[in-house]
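Peer 1: coords below, sequence missing:
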């Protein structure tokens, strides 16, 4: 057993533990949301989906920012591990975006009466999803490892610059989405029980994100070692 | 700076000369754009929707598709006989190579647009005479932005499998801000609205151009350097 193999296995094991903790935390949050948060006056129980939807959106945004920032670091330091880490983050980001894009319309249909609307934040997150897909599609289509790393880093950085432009361009249309309830100048417009559930949901999804990424990153390292061993034979 | 521009111009002139001699890619892109316009004509109910209401979106979707087709060829010619490696051996700044490719691509996409615009007027019977200057201006502004991004992507996708498919998948999300802006401004121009209503969009288009042209010049060496 080489030291690299041992290191990769250790990362996988750490990822498994973190993922398990994240899943337990998420389960705890849903118990909290279903049992202890008040039922919203106008939306009824449908509003409970909020405690999955918003944390998933948060996770997708974090994943996206990590891809962009790690891509900058990669072009600077040219360390292959950074590239694998960015790719892992993008894959987890796709999963979180899908959760967000599935729960969103379900909530929207009950509350707004429509599955989809071209509101600023919906459009933005849809494009985050498309950018993740393009990023991973490009990775799959390049064979050489160094080239794959450089190309995907370029796309990651360009995506990071694109996001404010998409936001700006869609913002010039009117928006149906609820206005920010958390990060705004005045106090959060939400009962403390709801706020507590939301914040713990975000904490749980952050933990879950870290667990998934570490796990995926460990597996990518193992995969690389296996490919290297195949070449050596 | 003069040397930088001279190198960029040499690259651009080489591409333009090559295209003028073969003409295949340019002609295909023009015919493709004409076909998109024809298809659009059948995609609407002429009794229900006036041509002028649909005109800005038809025009810009045609421009966008034509541009993607034209951009596909940009680095394709460099793949044969490893021509790109030959250029990279020359002791010139990589960013000058990018600017040269960008200029050539702007010329191609410009030609495609210059043919598509009169065809659009002809097919859809939309009078654009009163807004021609504005339309040309916003076309230049929006085209510069997405061709800048498309040039760098086309340098990457030629090294991949399914290059022709990969370019639109990567590029279309990046085309959204310039396209949305261009459609909005075109609609307002055709309706004869005052300039103040378009300022927000024009500012967005200008910012996009400055931001992405700078970023692409800075980041292009990472695409071609091993």
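Peer 2: Sure, I can see it. Keep in mind that this is a model prediction, so the values were computed, not measured. Numbers count the residues shown, from 1 in each chain, chains lettered A, B, ... in the order given.

Peer 1: can the helix or strand of chain B with the lowest mean pLDDT be found next to chain A?
Peer 2: One helix or strand of chain B scores below all others by mean pLDDT, DSSP states H and E: helix B:76-79, with a mean of 80. No. Using Cβ under 8 Å from any Cβ of the partner chain, helix B:76-79 stays clear of chain A, coming no nearer than 13.7 Å. From N, CA and C alone the C-beta is placed, and that goes for glycine too.

Peer 1: Who are the packing partners of that helix?
Peer 2: Where contact means 3 or more Cβ pairs under 8 Å, 6 or more residues apart in numbering or on different chains; DSSP states H and E, helix B:76-79 is packed against helix B:83-89.

Peer 1: so after the helix it packs on, what's the next helix or strand?
Peer 2: helix B:94-124 (DSSP states H and E).

Peer 1: quick one, whatever helix or strand comes next after that next one and helix B:94-124 angle?
Peer 2: Counting by DSSP H and E, the next helix or strand C-terminal to helix B:94-124 is helix B:132-157. Helix B:132-157 and helix B:94-124 are oriented at 130 degrees to each other (axes from the mean of the first three to the mean of the last three Cα atoms, to 10 degrees).

Peer 1: Quick one: mean pLDDT over the helix or strand following helix B:132-157.
Peer 2: Counting by DSSP H and E, the element after helix B:132-157 in chain order, helix or strand, is helix B:163-190. What helix B:163-190 shows for mean pLDDT is 91.

Peer 1: chain center to stretch B:9-24: distance?
Peer 2: 17 Å (Cα atoms, centre = their mean, to the nearest Å).

Peer 1: which of the residues in it are buried?
Peer 2: B:11, B:12, B:15, B:16, B:19 (16 or more other Cβ atoms under 10 Å in any protein chain shown).

Peer 1: Could you do stretch B:54-69 as well?
Peer 2: B:54-56, B:58-60, B:62-69.

Peer 1: Outside of that stretch itself, list whatever touches it.
Peer 2: With contact meaning Cβ atoms under 8 Å, 6 or more residues apart in numbering or on different chains, stretch B:54-69 is reached by B:28-30, B:32-33, B:36-37, B:40, B:44, B:109, B:112-113, B:116-117, B:120, B:124, B:126, B:139, B:142-143, B:146-147, B:150, B:167-168, B:171-172, B:175, B:179, B:182-184, B:186-187, B:190.

Peer 1: For PyMOL, what selects the buried ones among these?
Peer 2: Burial among those is assessed by 16+ other Cβ under 10 Å; the matching PyMOL selection reads:
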select buried, chain B and resi 29+30+32+33+36+37+40+109+112+113+116+117+120+124+126+139+142+143+146+147+150+167+168+171+172+175+179+182+183+184+186+187+190
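
Peer 1: so how far is stretch B:138-152 off the chain centroid?
Peer 2: Taking mean C-alpha positions (Cα atoms, centre = their mean), stretch B:138-152 and its chain are 5 Å apart.

Peer 1: Remind me what the biggest helix by length in chain A packs against, helices and strands.
Peer 2: For chain A, the longest helix by residue count, based on DSSP state H, is helix A:192-232. Counting contacts by 3+ Cβ pairs under 8 Å, 6+ apart, helix A:192-232 packs against helix A:3-36, helix A:50-77, helix A:80-111.

Peer 1: mind showing which ranges of chain B have poor pLDDT?
Peer 2: Chain B contains residues with pLDDT under 70 at B:226.

Peer 1: quick one, what contacts the residue nearest the centre of chain A?
Peer 2: With the centre of chain A defined as its mean C-alpha position, the nearest residue by Cα atoms, centre = their mean is residue A:60, 2.3 Å away. For residue A:60, the contacting residues are A:93, A:96, A:97, A:100, A:125, A:128, A:129, by Cβ under 8 Å, 6+ apart.

Peer 1: before we move on, what about residue B:70?
Peer 2: B:25, B:26, B:29, B:105, B:108, B:109, B:112.

Peer 1: swap in residue A:123?
Peer 2: A:166, A:170.

Peer 1: for residue B:99, same thing?
Peer 2: Per Cβ under 8 Å, 6+ apart, neighbours of residue B:99: B:4, B:5, B:8, B:11, B:217.

Peer 1: Which residues does stretch A:12-22 contact?
Peer 2: Contacts for stretch A:12-22 (Cβ under 8 Å, 6+ apart): A:204-205, A:207-219, A:222.

Peer 1: What residues of it count as buried?
Peer 2: Buried-residue list, stretch A:12-22, by 16+ other Cβ under 10 Å: A:12, A:14, A:15, A:18, A:19, A:22.
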